[in-house]
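>>> okay, here's the prediction I keep looking at, along with the sequence it came from:
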Amino acid sequence: MNLNLGISFNETIEKQVIANLRAFSPEGKTLSDDKLVKISSKSRILGAVGHTAGLPVFPNVRELANPEFVSQCDATILSRGMFVPLRRGNNRILLAVADPWDYRADDYCSLSYPNDIQLKVVTMASEISAIIEGVSNSSGPSQATLEAVEVDEFAEDNRDFDVTCNYEETIAQLVAGMVADAIKQRASDIHIKTEKTNFQYCFRIDGDLRQRVEMPLKLKDRVDAFLLNMMSLSPEERSKRPGISGRFTALYYGRSVGVRYERHRTYRGYHITMRLLDKTHLEARLGMGTLKFDKETLFQLEAAMAVPSGIIVMSGPTGSGKSTTLNAMLRELNHPEDNILTLENPVEDEIPGVTHCDLRDSSEFKPMISSFMRSDPNVILIGEVRDRESAELAIEAAITGHKVLTTIHTPRASLVIERFQQLGTERWKIAQTLKAACAQRLVKVLCHACRERTDGVSEHDTRLFHLDPSWISRPVYVHRDGGCHECKGTGYIGRSAILEILPISPKVGDELAKGDMTPYELEQRVRRDNKIPSMRESGLKLLAEGKTDLEALRKQLDMTYES
Ligand SMILES: [Zn+2]
């Protein structure tokens, strides 16, 4: 089992922690262990850990840390043992630990500060990670390091790549620094590109490519060979195949981050994309953080999930957070009494209790789904409906009584039926099995430290985006050009999802099957019946609340489309 604290305890301790958690929870008596952990907040679980260990609990210890003191410690040792000595004085040392039963913290302190009295507090693993990260200076490789690379250094064959370690081999140090910097900045992807006269990498952060770093051209083959070696792919492969896929795990201050690697040949060399599957922000939950939808949308989503069989489709372009939302839905549907199977390309976020399968080749699709159907499933997640075959199989699974979650590429939720039809599915089949069609976008959130207030939207923009004239005198916030230190010069921090849901009731389904409702009529009808906001309305709400600006909205939504 997983207590969701980012570390694992042995079974005996875990049992005691759960027993204490149960004792503190008013609703605890009737729930199974799994369910209890699922509904408990992280701070409550942490409280149970502290109680079990007989230690005080401090969920936030960052303010207590003396950065100068912490920076003198060895970051590698701290992150391996998940502890931080926070400060020292009067022969006392204040120590924060994530795992009170790990001996490494005691060993380290009694060796380094033998005369001090240890005062230990329990905190979140993420808190410890953040403190160590804050004092370390991993800001990518310096130009001096890059220029200094000369001769043959080799990487060992190792799929776990500790990116916060110091490496003697310069190429290893260069790649480690690049990956560590990307994780630190919460990038979703790293791109490494070769062109005629230059070689560079950049990060995708909150949807935009940023921070181009030039590397000496002479390193291009070495970087390539290092990555291929690390994933045990032979460098000869690169000449044989146009595209190469792989994956490895980056260790970042004791935390593992999955990295999906994709390389294709280009005219001047190659282009590598590394997607960082950082679970700390993947573990999103419906209604919280990035997925904080409005009440009615959330209610309708939960209602669709409660229908025992049928299809729920998420639509939206690549990078709109479709799979994050689907995974959050799977977390909600994840009960020990249900069998949940997924077929993804690739698996992005492993949920304990869910059987994840990766699609290695499109020819595997049909046999895998057929095998799923014989494996007594309750819920099936099909990564993407992209052709006639996958559309048919998704519908077949729903007709035979399964709950099916999937994604499809359409600009609007109301076009899902048309898209299935286009792929060759009979209209009545999709109309009768579809329970909800959703569309999602991720909108950049303004940096609170530097956003700027304006008196209203300009008259020009009001007309351009079909806004009500009242916006002209309604104060809104915009991002500051050049940003500030907090947002690393971008003006925005993080993103917020806006979701539009069209629930398909049996009655609406019947009308859709007959074919006498256009997508636009469907939108109007469902909104009138349910008072559910459209993506545009949710976007404008974020604008009114000062969470985003028009510039960020118009990049994600067709604001000229009135709905
Ligand atoms: Zn800022």
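Received it, and whenever you're ready, just let me know what you need. Numbering: from 1, shown residues only.
>>> switch to C-alpha atoms for all contacts and neighbour counts from now on
Noted.
>>> how far away is Gly246 from the ion?
36 Å (Cα to the ion, to the nearest Å).
>>> report pLDDT for the residue of the chain positioned farthest from its centre.
Distance from the C-alpha centroid of the chain peaks at Asn115, with 44.4 Å (Cα atoms, centre = their mean). Asn115 is assigned 84 on the pLDDT scale.
>>> what's it in contact with, if anything?
Counting by Cα atoms under 8 Å, 6 or more residues apart in numbering, Asn115 touches Asn91.
>>> what about it, which SS state?
coil (DSSP: H, G, I helix; E, B strand; the rest coil).
>>> any figure for the gap between it and Arg92?
Separation of Asn115 from Arg92 (Cα to Cα, to the nearest Å) stands at 8 Å.
>>> and if you look at Thr490?
42 Å.
>>> who has more neighbours out of these two?
Thr490 (19 against 14; other Cα atoms under 10 Å).
>>> for that one, give me the pLDDT.
In this model, Thr490 is scored at 88, pLDDT.
>>> distance of it relative to the ion?
On the measure of Cα to the ion, Thr490 and the ion end up 7 Å apart.
>>> just the helices in the stretch 201-350 of the chain please.
Secondary structure of the stretch 201-350 of the chain, counting by DSSP state H, counting those that start in this stretch: helices at 220-230, 237-240, 279-282, 295-306, 322-333.
>>> measure the residue nearest to Cys438 when sequence neighbours are not counted to Ala436 for me?
What sits nearest to Cys438 in space, not counting adjacent residues and going by Cα to Cα, 6 or more residues apart in numbering, is Ile501, at 4.3 Å. According to Cα to Cα, Ile501 and Ala436 sit 7 Å apart.
>>> between these two, which contacts overlap?
Leu301.
>>> higher neighbour count, those two?
Each of Ile501 and Ala436 has its neighbours counted (other Cα under 10 Å); Ile501 has more, 29 against 24.
>>> mind showing which ranges of this structure have poor pLDDT?
For the chain, the stretches flagged by pLDDT under 70 are 1, 137-159, 279-283, 561-563.
>>> could you list the domains of it?
As assigned by automatic domain parsing, the chain contains the domains 11-135, 143-278, 283-442+499-532.
>>> could the ones you listed go into TSV alongside distance to Asp558?
Below are the domains of the chain laid out as TSV (distance: least, Cα to Cα, whole Å):
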stretch	distance to Asp558
domain 11-135	38
domain 143-278	17
domain 283-442+499-532	9
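>>> in the helix or strand containing Arg44, what's buried?
Following DSSP states H and E, one finds Arg44 within helix 42-53. Buried positions in helix 42-53, judged by neighbour count with 16 or more other Cα atoms under 10 Å: 42-43, 45-53.
>>> try stretch 63-78
Buried residues in stretch 63-78 (16+ other Cα under 10 Å): 65, 67, 70-71, 73, 75-78.
>>> phi and psi next, for Thr197.
Torsion angles at Thr197 (phi, psi; degrees, to the nearest 10) stand at phi -120, psi 0.
>>> how far away is it from the ion?
Counting by Cα to the ion - Thr197 and the ion are separated by 34 Å.
>>> wait, isn't that residue in contact with Lys218?
No: applying Cα atoms under 8 Å, one finds Thr197 not in contact with Lys218, separated by 10.4 Å.
>>> in terms of neighbours, single out the busier of these two.
Between Thr197 and Lys218, counted using other Cα under 10 Å, the more crowded position is Lys218 (13 against 8).
>>> surely Trp101 forms part of a strand?
No: membership of Trp101 in a strand is not supported by three-state DSSP, which gives coil.
>>> contacts only, for Arg88.
Residues near Arg88 by Cα under 8 Å, 6+ apart: 69, 94.
>>> mind redoing it with 10 Å?
65-66, 69-70, 94-95, 113, 116-118 (Cα atoms under 10 Å, 6 or more residues apart in numbering).
>>> can you check Leu36 too?
Neighbours of Leu36 in contact, by Cα under 10 Å, 6+ apart: 18, 21-22, 25, 27-30, 45.
>>> so which of these are in helices?
18, 21-22, 45 (DSSP state H).
>>> what about Gln422, neighbour count?
Gln422: 13 neighbours (other Cα under 10 Å).
>>> near the ion, which residues of the protein? Just list them.
447, 449-450, 483-484, 486-487, 491 (Cα under 5 Å from the ion).
>>> and of the residues you listed, the nearest to Val122?
Glu486 (27.9 Å; Cα to Cα).
>>> helix, strand, or coil at that closest one?
Classified using three-state DSSP, Glu486 is coil.
>>> correct me, but it touches Cys447?
Yes: Glu486 lies in contact with Cys447 (Cα atoms under 10 Å); the separation is 7.6 Å.
>>> list residues touching both of those two?
492-493.
>>> which of those two has more neighbours?
Shown here are Glu486 and Cys447; by other Cα under 10 Å, Cys447 has more neighbours (24 against 14).
>>> is the spatially closest residue to Pro308 that is not a sequence neighbour in a bridge, and if so with what?
Nearest non-adjacent residue to Pro308, counting by Cα to Cα, 6+ apart: Lys403, 6.2 Å away. Beta bridges link Lys403 to Gly310, Val379, judged by DSSP bridges.
>>> how close does Lys403 get to the ion?
Distance, Lys403 to the ion, by Cα to the ion: 43 Å.
>>> then Leu557?
Leu557 is 23 Å from the ion, by Cα to the ion.
>>> quick revisit: quick one: which of the ones in helices among the contacts of Leu36 is nearest the ion?
Ile45 (33.3 Å; Cα to the ion).
>>> so what's that closest one closest to, chain neighbours aside?
Leu21 (6.3 Å).
>>> distance of that neighbour from Ser375?
35 Å.
>>> who has more neighbours out of those two?
The neighbour comparison of Leu21 against Ser375 (other Cα under 10 Å) goes to Leu21, with 24 against 11.
>>> about what we covered before: the residue nearest to Pro308: neighbour count?
For Lys403, the neighbour count with other Cα under 10 Å is 25.
>>> for it, what are its contacts?
Per Cα under 10 Å, 6+ apart, neighbours of Lys403: 305-312, 340, 377-381, 394, 397, 433, 435.
>>> cool, and Met517?
By Cα under 10 Å, 6+ apart, the contact set of Met517 is 508, 511, 523, 525.
>>> what about dumping the CA coordinates of stretch 69-89 to PDB?
Below are the C-alpha coordinates for stretch 69-89, written out as PDB (Å, rounded to 0.1, in the frame of the first residue of the first chain):
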ATOM      1  CA  PHE A  69      23.800  25.900   7.700                       C
ATOM      2  CA  VAL A  70      22.000  23.400   5.400                       C
ATOM      3  CA  SER A  71      24.200  24.300   2.400                       C
ATOM      4  CA  GLN A  72      27.200  23.100   4.300                       C
ATOM      5  CA  CYS A  73      25.800  19.500   4.400                       C
ATOM      6  CA  ASP A  74      26.200  17.000   1.700                       C
ATOM      7  CA  ALA A  75      23.000  17.200  -0.400                       C
ATOM      8  CA  THR A  76      23.500  13.600  -1.700                       C
ATOM      9  CA  ILE A  77      23.600  12.100   1.800                       C
ATOM     10  CA  LEU A  78      20.600  14.200   2.900                       C
ATOM     11  CA  SER A  79      18.500  13.200  -0.100                       C
ATOM     12  CA  ARG A  80      19.300   9.600   0.200                       C
ATOM     13  CA  GLY A  81      18.200   9.500   3.800                       C
ATOM     14  CA  MET A  82      15.400  12.000   3.300                       C
ATOM     15  CA  PHE A  83      16.400  14.300   6.200                       C
ATOM     16  CA  VAL A  84      17.700  17.800   6.800                       C
ATOM     17  CA  PRO A  85      19.500  19.300   9.800                       C
ATOM     18  CA  LEU A  86      17.600  22.600   9.900                       C
ATOM     19  CA  ARG A  87      19.600  24.700  12.300                       C
ATOM     20  CA  ARG A  88      22.100  24.500  15.100                       C
ATOM     21  CA  GLY A  89      22.800  26.500  18.300                       C
END
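>>> that's all I had, so thanks and see you.
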